[in-house]
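# Predicted model and sequence below, questions to follow.
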2 protein chains.
Amino acid sequence: MKASFYEGNRTFTLREGEVIAPGPGEVRLNVAYTGICGTDLHVYHGAMDKRVRIPQVIGHEMSGTVAEIGEGVKGFSIGTPVVVRPLDNRAETPADRGYSHICNKLKFMGVDTTGSLQSSWTVPVFTVHKIPSGLDLKTAALVEPLAVACHDVRIGAVESGELVVVIGAGPIGMLVSLVARHRGARVVISEVNPFRIEFARSLGFEASNPKDFDLAAWVREESAGSGADVVFEVSGSKVAALDMTDLLAIRGRIVLVAIYPQPVELNLFQFFWKELRLFGARVYEPCDYEKAIEIAASRALPLESLITDVHTLDHLTEVFKHIDSDPNAMKTLIDCQS
Amino acid sequence: MKASFYEGNRTFTLREGEVIAPGPGEVRLNVAYTGICGTDLHVYHGAMDKRVRIPQVIGHEMSGTVAEIGEGVKGFSIGTPVVVRPLDNRAETPADRGYSHICNKLKFMGVDTTGSLQSSWTVPVFTVHKIPSGLDLKTAALVEPLAVACHDVRIGAVESGELVVVIGAGPIGMLVSLVARHRGARVVISEVNPFRIEFARSLGFEASNPKDFDLAAWVREESAGSGADVVFEVSGSKVAALDMTDLLAIRGRIVLVAIYPQPVELNLFQFFWKELRLFGARVYEPCDYEKAIEIAASRALPLESLITDVHTLDHLTEVFKHIDSDPNAMKTLIDCQS
């Protein structure tokens, strides 16, 4: 079977991978599609070389079908279409206080362990979610990032009729926008990339570049002076972090989705003055996966439009190089079928 | 009647004040005691000279009795002991979304309007809370800062058995500590002032100086590796703001009580990684006042021990100068009785 190994030094090599028979409590999957995520790009950049074990198969946004069933596994048949929630939390301890999805010794599959950029992937069954047969496997490869968005919107407790600002309209920002709008919110997007602004507009969103638009003033105007109910910070920009508090109404909520490797300045006076609230959000819980599957299967969101490219496993070095140099790429899928 | 006017330039002048008959919906109070608060010190320093109208009577942490009752006011008798919740929210608009206590056009009485550093104070009746006759008027002057603490602890949703760190043990930090402990939390205090550390210890708290103690490591040890459930940031220190995230368990909460005039650095990576939550907290709502009155009247907390000095209205310039130069002062009360 085909497997593409990350070798370090911005290089992937296609090799014959080992088909691993599922042990007790495991299933072996035929991988259909794997999406390339920002985390995979971090790996490609070498930023996670201490965490991955070179050579390693990476990748975690996948769809596939059950190929083989390990001892004691019930409820699955050969051919069942599935997605994987790539969180191995078996090292959870009471110190994690029940927050399994972000437990201290969490293994993120596809980074800390072997991933899905291969034709066959053997995983613990507790990570596997069945998907309805009506949900095609290409779209299903978006369930993982869609579950991130469902988690973020749930953490933000977005309600129908609320005014929501999403800062940063990459794939996660777009999915957050779509899910928040699906919940009935009015969603406004702040983005500096002209292509992404146009893309957001093509999906019916109000989108603008904060560099040439006073978004805070506009938001207040559109809300009879209040400001936004919720801001999703998905950009990772220092300027966004400092300015986001200006966008919010009294008791407004910020959901922090972006990863800031270094400390950045926040306007704490605004947090005090308006009693703002900030919620860190990371990955997803099982219910977010179920919600994402339900939304994807319902065809309520134009998820296919986010898929800008589909490639095979054969030339991943070139594919990553292309994604890395193209500021306009949204979601690239890798067809992993052998 | 006696009234002490803030004149600017770190000066107060005692004058004969005007006894103002209460209009419709107002009551006139005989002020018993007024506590001096950090905000009053800001005024003294000239930092709020654009907001106060010099010469002005300031002060807002008060207790007193009803002296005169305006037209249409029901439920009060002459002599009824009361405290005032000094928030005039009559300019509230729908843009404030029901958060009356921090509405955009809030007038903070004693800063934006005349305060209680005088023998007679005429106020809107909706700001007045009756207190039980068993609650002495000195202790009752602490109801206002105690209501701040009740608000903070409520915002932090502190539960019995939780591990709480309070950073900064001035009067508000001490009251937050007392209220959190009253709710059943284990409270640990971080403070740099040796006198305040000793004072906290004398009230039975674990207290230490973060400059010579690894509080984060200690907190993890005491919580079987988790970290603190809640941190109250009451110090206003940049170092505290940057380091507070290290103290917390997964999904830990921070209640931001301190006022940071300038943006400061926060470790947003920790917010993401542990899904931390930050809640801005400002003043109080009516229910916090009722809670504070209930707690004060119950005698469950050693509130009297926070009162380090009682002076009269006669020499406020000297009193403020003294408070300003004494890092060990907790709460100074002014006896305003004529």
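That came through, no problem.
# make it CA atoms for all contacts and neighbour counts henceforth
Noted.
# check contacts around the residue nearest the centre of chain A.
The centroid of chain A falls nearest to residue A:145 when counting by CA atoms, centre = their mean (2.8 Å). Neighbouring residues of residue A:145 by CA atoms under 8 Å, 6 or more residues apart in numbering or on different chains: A:61, A:171-172, A:175.
# same thing but 7 Å
Residues counted as contacts of residue A:145 (CA atoms under 7 Å, 6 or more residues apart in numbering or on different chains) are residue A:172.
# How about the residues of the stretch 1-150 of chain A by chain B?
Counting by CA under 7 Å from any CA of the partner chain, the stretch 1-150 of chain A comes close to chain B at A:95-96, A:102.
# Now find how far off-centre stretch A:254-271 is within its chain.
Distance of stretch A:254-271 from the chain centroid (CA atoms, centre = their mean, to the nearest Å) equals 20 Å.
# Which stretches in the stretch 201-338 of chain A count as strands?
Using DSSP state E, counting those that start in this stretch, the strands found in the stretch 201-338 of chain A span residues A:206-208, A:228-233, A:248-256, A:264-266, A:277-280, A:307-312, A:331-335.
# Make JSON lines out of these and add mean neighbour count and distance to chain B.
As requested, those are exported to JSON lines (neighbours: other CA atoms under 10 Å in any protein chain shown; distance: least, CA to the nearest CA, whole Å):
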{"stretch": "strand A:206-208", "mean neighbour count": "21", "distance to chain B": "22"}
{"stretch": "strand A:228-233", "mean neighbour count": "26", "distance to chain B": "10"}
{"stretch": "strand A:248-256", "mean neighbour count": "25", "distance to chain B": "7"}
{"stretch": "strand A:264-266", "mean neighbour count": "20", "distance to chain B": "4"}
{"stretch": "strand A:277-280", "mean neighbour count": "24", "distance to chain B": "4"}
{"stretch": "strand A:307-312", "mean neighbour count": "15", "distance to chain B": "27"}
{"stretch": "strand A:331-335", "mean neighbour count": "23", "distance to chain B": "23"}
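# Okay, the residue nearest to the centre of chain A and residue B:277: tell me how far apart.
Going from residue A:145 to residue B:277 by CA to CA, to the nearest Å gives 22 Å.
# go on, residue A:73?
Distance of residue A:73 to residue B:277, computed by CA to CA: 38 Å.
# what do you get for residue A:183?
Counting by CA to CA, the gap from residue A:183 to residue B:277 is 23 Å.
# Out of the residues of the stretch 1-150 of chain A next to chain B, flag the one nearest to residue B:260.
residue A:102 (30.6 Å; CA to CA).
# okay, now that closest one: neighbour count?
Neighbours of residue A:102 under the rule other CA atoms under 10 Å in any protein chain shown: 25.
# Identify the residues contacting it.
Residues in contact with residue A:102 (CA under 7 Å, 6+ apart) are residue B:274.
# Between its first and last residues, how far does stretch A:251-270 reach?
Start-to-end span of stretch A:251-270 (CA to CA) is 10 Å.
# got the contact list for it?
For stretch A:251-270, contacts defined as CA under 7 Å, 6+ apart pick out A:152, A:156, A:228-236, A:238, A:241-242, A:245, A:274-282, B:259-269, B:272.
# Not counting sequence-adjacent ones, nearest residue to the closest residue to chain B within the stretch 51-200 of chain A?
Closest to chain B within the stretch 51-200 of chain A is residue A:95: 4.5 Å, counting by CA to the nearest CA. Nearest non-adjacent residue to residue A:95, counting by CA to CA, 6 or more residues apart in numbering or on different chains: residue B:226, 4.5 Å away.
# now residue A:195
Closest to residue A:195 by CA to CA, 6+ apart is residue A:328, at 6.0 Å.
# ok, back up a step: what separation is there between the residue of the stretch 51-200 of chain A closest to chain B and residue B:268?
Relative to residue B:268, residue A:95 is positioned 22 Å away (CA to CA).
# Those two: which is more packed in?
For residue A:95 versus residue B:268, neighbours defined as other CA under 10 Å are more numerous around residue B:268 (27 against 17).
# Quick check: pLDDT value at that one.
Residue B:268 carries a pLDDT value of 98.
# now residue A:328
With respect to pLDDT, residue A:328 scores 86.
# Neighbours of it, how many?
Applying other CA under 10 Å, we find 15 residues neighbouring residue A:328.
# wait, it sits on residue A:197?
No. Using CA atoms under 7 Å, residue A:328 is not in contact with residue A:197, being 10.2 Å away.
# And the helices in the stretch 151-300 of chain A, which stretches?
A:171-182, A:194-202, A:215-222, A:238-243, A:268-273, A:286-298 (DSSP state H, counting those that start in this stretch).
# mind giving me the domain split of chain A?
Chain A breaks down into these domains under automatic domain parsing: A:2-145+A:284-335, A:157-280.
# so what's the residue lying closest to residue A:82 once chain neighbours are set aside up against?
The shortest distance from residue A:82 to any non-neighbouring residue, by CA to CA, 6+ apart, is to residue A:130 (4.4 Å). Each residue near residue A:130 by CA under 7 Å, 6+ apart is listed here: A:81-83.
# Kindly report the same for residue A:314.
Residue A:314 is in contact with residue A:14, counting by CA under 7 Å, 6+ apart.
# Relative to residue A:44, how far out is it?
In this view, residue A:314 and residue A:44 are 16 Å apart by CA to CA.
# Quick check: residues of the stretch 151-300 of chain A near chain B?
Contact residues, the stretch 151-300 of chain A versus chain B (CA under 7 Å from any CA): A:224-226, A:250, A:256-257, A:259-269, A:271-282.
# again, only this time at 6 Å
Contact residues (CA under 6 Å from any CA of the partner chain) of the stretch 151-300 of chain A with chain B: A:225-226, A:259-261, A:263-269, A:271-272, A:275-282.
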